[in-house]
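*Asks:* all I have is the shape, not the residue letters:
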């Protein structure tokens, strides 16, 4: 997304959804959110990280974790990074399974992009304004993810194909109800 005017709003979610910027870096919370949101869609790249790895990642200047709440519980989160030259990268965005398929995803992505564009005003004040917001997705992500991003105003900048080793789902943080790997 190269211009904040490209951002298209989503339908209102079925209930109130609030967003808080994590003011304290918490490797424990970030690891739990990563597992809760990503395990079913094969987010596995960080599963081998140590507590120190998580702490180093979260201590990076310009990295922000936003927590989404709905119905009195954590509904999802997103991780943004203000990068040099005005780029803002959406590293992660997603819902916990209890909120998937209930009409919260579009609003989550919209609010993620809105906060990415507010870089320099709401967060990462010392890094200046955003000039571009970008993310990378995968066919292993939720089947509706790409369509959601496109409906919010993101465009495809590049496509590439590569193999990703996906561990047995029994090796994730806790057992999954079904194997999320494509057949």
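*Replies:* It's in. As the structure is a prediction and not an experimental result, all values here were calculated from the model.
*Asks:* and residue 150, what does it touch?
*Replies:* residue 156 (CB atoms under 8 Å, 6 or more residues apart in numbering). Placement of C-beta: from N, CA and C, glycine included.
*Asks:* how close does it sit to residue 129?
*Replies:* Distance of residue 150 to residue 129, given as CB to CB, to the nearest Å: 24 Å.
*Asks:* off-centre distance for the lowest-mean-pLDDT helix or strand in the chain?
*Replies:* When each helix and strand of the chain is scored by mean pLDDT, DSSP states H and E, helix 27-38 comes last, with a mean of 93. Chain-centre distance of helix 27-38: 11 Å, with CA atoms, centre = their mean, to the nearest Å.
*Asks:* now do the helices in this structure.
*Replies:* Assigned by DSSP state H, the chain shows helices spanning 27-38, 51-58, 105-117, 145-152.
*Asks:* can I get these in a markdown table including distance to residue 89?
*Replies:* Output for the helices of the chain, formatted as a markdown table (distance: least, CB to CB, whole Å):
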| stretch | distance to residue 89 |
| --- | --- |
| helix 27-38 | 16 |
| helix 51-58 | 13 |
| helix 105-117 | 8 |
| helix 145-152 | 13 |
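*Asks:* right, so of the ones you listed, which gets closest to residue 17?
*Replies:* helix 105-117 (5.7 Å; CB to CB).
*Asks:* helices or strands up against the closest one?
*Replies:* Applying 3 or more CB pairs under 8 Å, 6 or more residues apart in numbering; DSSP states H and E, one finds that helix 105-117 makes contact with strand 17-21, strand 63-70, strand 73-82, strand 87-95, strand 132-135, helix 145-152.
*Asks:* just the angle between the least confident helix or strand of the chain and strand 87-95, please?
*Replies:* 70 degrees (axes from the mean of the first three to the mean of the last three CA atoms, to 10 degrees).
*Asks:* so which bits of helix 27-38 are buried?
*Replies:* Buried residues in helix 27-38, counted by 16 or more other CB atoms under 10 Å: 27, 29, 30, 31, 33, 34, 35, 36, 37, 38.
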